[in-house]
Each structure stands twice: as structure tokens, then as C-alpha cells.
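Engineer: I need the structure of the sequence given here:
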Amino acid sequence: MLKVLHIDRSSSFRNVMSELVTRCGHTVMGVGSKADALRMLVEEAFDLIVTGMELDDGDAESLMLELNQSRTRNIPVIVLASSDSLEQREHLFTLGVTEYMLKGELTEDRFRRYLDSLTVGDEISGFMRALRVAMLDDSQVILNIVDRILSMNGFEAVSLIKAPPRFVGSGSAL
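Structural biologist: Residues are numbered from 1 along each chain as shown. Okay, here's the model as predicted:
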């Protein structure tokens, strides 16, 4: 069973999420502000943070900046937004957000699948975490996202490479 911290300035949406998380078989604590969330994270251990874009005393970006400076940096964070923006998504992913969902597209099935993926702890997962992983991509944003996800899932032997090595010699690549 996961323990979820839900942060949203709307008390009615906090109630909706509370029902959804409970139906999925997990527990949830809802708060409306970044300050309350940070206090809860010091007092209790959580497995997942779900936050809205706008909070009573800040936003998802300022929350992520503070989380990244705390001991809770490896807790997965889902941002629930009312509107979609590629720039906003990319920026939040660079800050460590692991999932970005639109409130209007949030279904119990989709949310349950995401929660189930966090609770998988079978033999295959253990085998996979023991592997050495190399990731090559020309996008630093993608590398940051992959690094965050792998780190949160227990992968320790990870090499991230932004550009392929240049070969010196006859002009041909290997």
C-alpha cells in the first residue's frame, strides 16, 4: 500500500483525489499549500507526491525546487494540470517531475496503472535494477528524466551520455 501526499489548493479536488486514491487501495493525505506539504514530508514518510500546478502559497515549480534541496528528493512527483504546454512539461521534467497528467484526462484506470507500477517489486524488477545501463541521447532534458526515473527505481550503475564520442583517425565511424 502506497502513502500519497496530494497538494492542491482546491479542497473539492483534494476530496476527489482522496476518493480515487482510496479506491485504488492506497492511503492519502491532502493539503492545500506548499508549506503544509513540506511540513508533512518532514513529519511522515510518503511514497508519492501528487500536486496541482497552483498552490495556496506557490506553484509546482517552486515546490520541486524545494523538494530537490531536501531529503525527499527521490519521491516520485505527479503534476496534475488543467492545461497542456510542452514548454511547461519539459521544464517540470527537468526539475524532476516523473509524470504530468491533465486533470480532464485523469481516469481511475490510468491512475491505478501508474500506482501499480510503483508497487511492483518482483524478481524481474530486482534483476533489471542489477543491470548496468547506458543512455545516449542528444537531449539533456530526456537524459535528466531518464536519470531521475532510473534513480528512483533503484538503478545505480547508470551512465548518461549527451553526445556520441568522436572518433579520431581515418574519418570513418566505428
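
Engineer: neighbours around the nearest residue to residue 115 once chain neighbours are set aside, how many?
Structural biologist: Excluding its sequence neighbours, the residue lying closest to residue 115 (C-beta to C-beta, 6 or more residues apart in numbering) is residue 24, at 5.3 Å. All C-beta atoms are positioned from the backbone trio N, CA, C, and that covers glycine. When counting by other C-beta atoms under 10 Å, one arrives at 19 neighbours for residue 24.

Engineer: Pull the contacting residues for residue 24.
Structural biologist: Residue 24 sits next to 108, 111-112, 115 when contact means C-beta atoms under 8 Å, 6 or more residues apart in numbering.

Engineer: run the last query once more with 7 Å
Structural biologist: 111-112, 115 (C-beta atoms under 7 Å, 6 or more residues apart in numbering).

Engineer: ok, the spatially most central residue of the chain to residue 127 distance?
Structural biologist: Centroid check for the chain by C-alpha atoms, centre = their mean gives residue 98 as the closest residue, at 2.4 Å. The gap separating residue 98 from residue 127 is 22 Å, by C-beta to C-beta, to the nearest Å.

Engineer: can you pull out the strands in the protein?
Structural biologist: 3-7, 27-31, 48-52, 54-55, 58-59, 77-81, 99-102, 133-136, 158-161 (DSSP state E).

Engineer: hang on, the earlier thing: so which of the contacts of residue 24 are in helices?
Structural biologist: Secondary structure assignment (DSSP state H) places 111-112, 115 from the contacts of residue 24 within helices.

Engineer: you'd agree residue 81 is up against residue 53?
Structural biologist: Yes: Residue 81 lies in contact with residue 53 (C-beta atoms under 7 Å); the separation is 4.8 Å.

Engineer: Can you pull the domain assignment for the protein?
Structural biologist: 3-119, 124-161 (automatic domain parsing).

Engineer: Output the contacts of residue 24 as JSON lines; include the columns distance to residue 61.
Structural biologist: Below are these laid out as JSON lines (distance: C-beta to C-beta, whole Å):
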{"residue": "111", "distance to residue 61": "23"}
{"residue": "112", "distance to residue 61": "28"}
{"residue": "115", "distance to residue 61": "24"}
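
Engineer: For residue 11, state which of these is nearest.
Structural biologist: Closest to residue 11 out of the contacts of residue 24 is residue 111 (19.5 Å), distances taken as C-beta to C-beta.

Engineer: what separates the residue lying closest to that closest one once chain neighbours are set aside from residue 8, distance-wise?
Structural biologist: Excluding the flanking residues, the one nearest residue 111 by C-beta to C-beta, 6+ apart is residue 20, at 6.0 Å. Distance, residue 20 to residue 8, by C-beta to C-beta: 12 Å.

Engineer: I appreciate the help and will end here.
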